[in-house]
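Peer 1: Quick one: sequence and predicted model below, then my questions.
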Amino acid sequence: GAVVSQHPSRVICKSGTSVKIECRSLDFQATTMFWYRQFPKQSLMLMATSNEGSKATYEQGVEKDKFLINHASLTLSTLTVTSAHPEDSSFYICSAIQTSGGPGETQYFGPGTRLLVL
Amino acid sequence: GDSVTQMEGPVTLSEEAFLTINCTYTATGYPSLFWYVQYPGEGLQLLLKATKADDKGSNKGFEATYRKETTSFHLEKGSVQVSDSAVYFCALSEPGGYNKLIFGAGTRLAVHP
């Protein structure tokens, strides 16, 4: 149980185009989903937290107009990289938690999406 | 702000050797602590966690004890296998922090036969 999928697994696009990445919780309802970015051989950096039915909360330094997050249902969150540029090339990872209850809730991670902007 | 510091890798061991990966943290409250593992080409998987001081998390032969006095959560395994080769991330989440995870830099482990 507690499986999170991401689609696509990898995408190559031209500079200036927009790319949408989907994150789905397959066997549970996710009240909260998180989006991370991971550069090669580095740790994960939290980009934003999204709660179903409300606006995402972005971390400091993350451009909300560039990285659009929508959490329209309890099983789906999307990240759209608008007007992508080569510096946006990275590994994007989502995670989900089943409830927004007490501390120490386990986050279940998707397999990641590798974005390459040419 | 809160932070997690892990020992730098890579760590290279022979099969059946003892493993320790150090992790220390800085937090204003009493965080929950986690170890996640990332196998080559895969996403992160929760390895173990501890939510309060003196708790010991364990899974697949790995264990870590939440030490409040030393603000540490070191990962140990008595006998590693080649299949344990992966990147290991220590992380914390603060109570009231909406379960946001703060990760350490990750430690790459390579186990040779």
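Peer 2: Sure thing, it's come through.

Peer 1: Give me the neighbour count for the residue of chain B found nearest chain A.
Peer 2: In chain B, the residue that lies nearest chain A is B:S32 (3.4 Å; C-beta to the nearest C-beta). Using the backbone N, CA and C atoms, a C-beta is placed for each residue, glycine as well. Look at B:S32: counted by other C-beta atoms under 10 Å in any protein chain shown, it has 24 neighbours.

Peer 1: Might one say that it is in contact with B:A53?
Peer 2: No. B:S32 lies out of contact with B:A53 (C-beta atoms under 8 Å); the separation is 11.0 Å.

Peer 1: Any stretches of the chain with poor pLDDT?
Peer 2: No chain in the question, so chain A it is. Low-confidence segments of chain A (pLDDT under 70): A:1, A:99-104.

Peer 1: I was thinking of chain B, sorry if that wasn't clear
Peer 2: Using pLDDT under 70, the flagged stretches of chain B are B:96-98.

Peer 1: how about the residues of it near chain A?
Peer 2: Residues of chain B lying close to chain A (C-beta under 8 Å from any C-beta of the partner chain) are B:31-32, B:34, B:36, B:42-46, B:49, B:51, B:89, B:93-96, B:98-106, B:108.

Peer 1: Among those residues, name the buried ones.
Peer 2: Buried members of the residues of chain B next to chain A, counted by 16 or more other C-beta atoms under 10 Å in any protein chain shown: B:31-32, B:34, B:36, B:43-44, B:46, B:49, B:51, B:89, B:93-94, B:98-106.

Peer 1: So which of those residues belong to strands?
Peer 2: B:32, B:34, B:36, B:44, B:46, B:49, B:89, B:93, B:102-103 (DSSP state E).

Peer 1: what residues are up against the residue nearest to B:V82 when sequence neighbours are not counted?
Peer 2: Computed as C-beta to C-beta, 6 or more residues apart in numbering or on different chains, the closest residue to B:V82 that is not its neighbour in sequence is B:V111, at 5.0 Å. Contact analysis of B:V111 by C-beta atoms under 8 Å, 6 or more residues apart in numbering or on different chains lists B:12-15, B:17, B:80-85.

Peer 1: run the last query once more with 6 Å
Peer 2: Going by C-beta atoms under 6 Å, 6 or more residues apart in numbering or on different chains, B:V111 touches B:13, B:15, B:80, B:82, B:84-85.

Peer 1: B:V80 too?
Peer 2: B:V80 touches B:13, B:17, B:19, B:111, counting by C-beta under 6 Å, 6+ apart.
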